[in-house]
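1. next one to model:
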Amino acid sequence: MTSLSPRVYVIDDEPSVRKALERLLRAAGLEVATCASGPDYLAQFDPDVPGCLVLDLAMPGFSGLELQQALAARGATPPIIFLTGRGDVPSSVQAMKRGAFEFLSKPVDEGLLLEAVRHAIEKDRVDRLERAALADVRARLATLTPRETEVLACVIAGLLNKQTADLLGTAEKTIKVHRAHIMEKMQVKSLAELVRLADAAGIAPARER
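-> Residues are numbered from 1 along each chain as shown. Prediction:
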């Protein structure tokens, strides 16, 4: 997990808006960076920096919606608080379908913005914890041998050792050894925990013949 402080990126083509929002957010004790356009932000984008975006939806040239799409293409998922004006409804709908965190109308209510930013930062924190946990599970799964992976699929399918042995064409005592190795490598003490981790990682259960 990163030890960097959360940062709020304010992205708006209007200098007065950037300045006003930066002043407001800094006064609330938040770390702030401003950008005049989507490309400016992408040039300094660092996926390891936690936080959120306060993004003008209808910027000229490279819209907020296009920036959202560009980030999605990179596999990045920072929470985005869109600032919208009149006539932005169609674009707002598209942004919402792509996972926008919040929409606030211009001129923005300061209290609503600060509340949205705090919630967005917390969402980003939780999301990063979940991604780190999943990466850890996948790293453990990568230590399993091909045969252990097959046995794991049988375990999460609820098959008994004898059923697994019959399915894989091996001895029951061999399956017991594999299961012990799986529990050790996955660092779990119960079958329920093993099933939960496998399910979180998207491991498909085996099917009996």
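2. okay, CA-based contacts and neighbour counts for the rest of this
-> Fine.
3. angles on the backbone of the closest residue to Ala100 other than its chain neighbours, please.
-> Nearest non-adjacent residue to Ala100, counting by CA to CA, 6 or more residues apart in numbering: Ile80, 5.5 Å away. Backbone dihedrals for Ile80, given as degrees, to the nearest 10, come out at phi -120, psi 120.
4. show me the contacts for Ile80.
-> With contacts defined as CA atoms under 8 Å, 6 or more residues apart in numbering, Ile80 is in contact with Cys52, Leu53, Val54, Leu55, Ala100, Phe101, Glu102, Ala120.
5. let's go with 6 Å and repeat that
-> The neighbourhood of Ile80, defined by CA atoms under 6 Å, 6 or more residues apart in numbering, consists of Cys52, Leu53, Ala100, Phe101.
6. for it, give the beta-bridge partners.
-> Leu53 (DSSP bridges).
7. measure it to Arg179 for me?
-> Ile80 sits 44 Å away from Arg179, going by CA to CA, to the nearest Å.
8. do the same with Ala153
-> When distances are taken as CA to CA, Ala153 and Arg179 turn out to be 11 Å apart.
9. what about Val32, neighbour count?
-> Applying other CA atoms under 10 Å, we find 19 other residues in the vicinity of Val32.
10. nearest residue to it other than its sequence neighbours?
-> Nearest-residue entry for Val32: Val8, 4.8 Å, with adjacent residues in sequence omitted and distances by CA to CA, 6+ apart.
11. A helix includes the one you found, no?
-> No: counting by DSSP: H, G, I helix; E, B strand; the rest coil, Val8 falls outside a helix, being strand.
12. that one pairs with what?
-> Beta bridges link Val8 to Val32, Cys52 when assigned by DSSP bridges.
13. surely it touches Pro50?
-> No: counting by CA atoms under 6 Å, no contact exists between Val8 and Pro50, whose distance comes to 8.6 Å.
14. which of those two has more neighbours?
-> Counting neighbours by other CA under 10 Å for Val8 and for Pro50 shows that Val8 has the greater number, 25 against 20.
15. quick one, grab the pLDDT at the more buried one.
-> On the pLDDT scale, Val8 is placed at 98.
16. that one: what's it in contact with?
-> Shown here is Val8, whose contacts under the criterion CA under 6 Å, 6+ apart are Val32, Gly51, Cys52, Leu53.
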